[in-house]
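Participant: can't give you the sequence, but here's the structure:
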């Protein structure tokens, strides 16, 4: 029998209490960093300042996050979770276009209310985008787009529509924050939102018209809900509908 002295040490699970304490410390550090970011800007978020604000030792930050960039990634993920908590997903809105406007406005309002956090979240490519909160937020956006498509209101492909909605909200906030205070005109935000709505949606459901492209988009959006077809049949029909929808 082996006494475990050869072949490497057997990993010993960390006690549950130690895991809980580690998570509490991690959350305290993230919240301290987010607070410093909001009050004093990104330059104030140093490991020493964060450790002092969190009541921890600087080495703890390196143990928990690896380095300062790992800490900033965690703060961005915290921001996405905060934003997600403010979102309201209505599965059956009375007016899908107004629901789109409301969702866009909420995203912009969050950015204007949290400028330093928003700049961290969206000012760098892919910052925090692997977090569960970011992915959940994108699913809410895709749900809005899917309801527009199902109602015959979507002007473009669903993937493009989601990208346009996300990009215009992000661009609107970052542009607003880059302007001097005396040049920030609310009309800019309204104009960008309405330009997005015009680019993404039809004024009336296109399925009432004779064109096959709009009808194809509507059927494509509803296709995953169909049970009369096999998976292979749905896949093939989906390819045909995509081709019809592209020929607008």
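Facilitator: Yep, it's here. These numbers were taken from a predicted model, which means no experiment stands behind them.
Participant: Let me see the ranges of the strands in the protein.
Facilitator: Using DSSP state E, the chain contains no strands.
Participant: where's residue 237 relative to residue 188, distance?
Facilitator: Distance, residue 237 to residue 188, by Cβ to Cβ, to the nearest Å: 43 Å. Just so you know, the C-beta spots here come from the backbone N, C-alpha and C atoms, and that holds for glycine as well.
Participant: Then residue 114?
Facilitator: 19 Å.
Participant: buried stuff in stretch 82-102?
Facilitator: Neighbour counts over stretch 82-102 (16 or more other Cβ atoms under 10 Å) mark 83, 84, 93, 96, 97, 99, 100, 101 as buried.
Participant: Could you list the low-pLDDT ranges of this protein?
Facilitator: Scanning the chain for pLDDT under 70 picks out 1-19, 206-211, 248.
Participant: returning to that earlier point: who's more crowded, residue 114 and residue 188?
Facilitator: Between residue 114 and residue 188, counting by other Cβ atoms under 10 Å, residue 114 is the more crowded of the two (19 against 14).
Participant: Contact partners for that one?
Facilitator: Contact analysis of residue 114 by Cβ atoms under 8 Å, 6 or more residues apart in numbering lists 38, 79, 82.
Participant: same thing with residue 82?
Facilitator: For residue 82, counting by Cβ under 8 Å, 6+ apart, the contacting residues are 114, 117.
Participant: Could you do residue 137 as well?
Facilitator: Applying Cβ under 8 Å, 6+ apart to residue 137 gives the contacts 80, 83, 84, 87.
Participant: How much space separates it from residue 88?
Facilitator: Between residue 137 and residue 88 the computed distance is 12 Å (Cβ to Cβ).
Participant: re earlier: out of the contacts of residue 114, the closest to residue 131 would be?
Facilitator: Proximity of these to residue 131 (Cβ to Cβ) peaks at residue 79, which lies at 9.3 Å.
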